[in-house]
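A.B. asks: can't give you the sequence, but here's the structure:
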């Protein structure tokens with residue numbers, strides 16, 4: 001047999017799955033819970049809590065039930081439905097297109113640029 005038999009040549013790129021680039025997850029559950037606590041409970045609310053007493057505890061429980069739990073469920077659902085990095089930008093882009101993705105991401109970060117310095121006052 002002087003001639004080689006043709007074999008099916010498979011490119012090294014095609015015989016393994018090409019992975020999408022992704023960020024390394026370095027924050028754990030405790031880190032995220034503490035980040036959330038620091039974002040919600042800051043020193044600006046301490047005087048109002050002290051002045052109003054136990055009423056504020058009930059307001060926190062009501063806000064937890066009516067806002068934070070539904071928000072968490074919505075974020076979990078969107079993260080499972082549209083996996084990837086980008087959060088609000090990615091979710092809006094996937095459903096409504098590039099412009100709305102850009103607009104939601106831009107508004108989110110603009111809001112944070114104005115919110116974080118005011119919390120530090």
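C.D. replies: Ah, there it is. Keep in mind the model is a prediction, meaning the values are calculated, not measured.
A.B. asks: Mind listing what's buried along the helix or strand harbouring residue 108?
C.D. replies: Assigned by DSSP states H and E, residue 108 belongs to helix 98-120. Buried residues in helix 98-120, counted by 16 or more other CB atoms under 10 Å: 101, 104-105. Quick note: C-beta positions are derived from backbone N, CA and C, even for glycine.
A.B. asks: Export these to TSV and append columns for distance to residue 71.
C.D. replies: Formatted as TSV, those follow (distance: CB to CB, whole Å):
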residue	distance to residue 71
101	20
104	15
105	18
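A.B. asks: and which of these is nearest to residue 51?
C.D. replies: Nearest to residue 51 among the buried residues of helix 98-120 is residue 104, at 36.9 Å by CB to CB.
A.B. asks: any idea how far the closest one is from residue 94?
C.D. replies: According to CB to CB, to the nearest Å, residue 104 and residue 94 sit 11 Å apart.
A.B. asks: from the middle of its chain, how far away would stretch 59-76 be?
C.D. replies: A distance of 16 Å separates the centroid of the chain from that of stretch 59-76, by CA atoms, centre = their mean, to the nearest Å.
A.B. asks: average pLDDT for it?
C.D. replies: Stretch 59-76 shows a mean pLDDT of 90.
A.B. asks: Straight-line length of that stretch, end to end?
C.D. replies: 24 Å (CA to CA, to the nearest Å).
A.B. asks: hmm, who's touching it?
C.D. replies: By CB atoms under 8 Å, 6 or more residues apart in numbering, no residue outside stretch 59-76 reaches it.
A.B. asks: Okay, buried residues for it please.
C.D. replies: Using 16+ other CB under 10 Å as the test for burial, stretch 59-76 gives no buried residues.
A.B. asks: returning to what we had before: now the buried residues of helix 98-120 in TSV, with pLDDT?
C.D. replies: Formatted as TSV, these follow (pLDDT from 0 to 100):
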residue	pLDDT
101	94
104	94
105	92
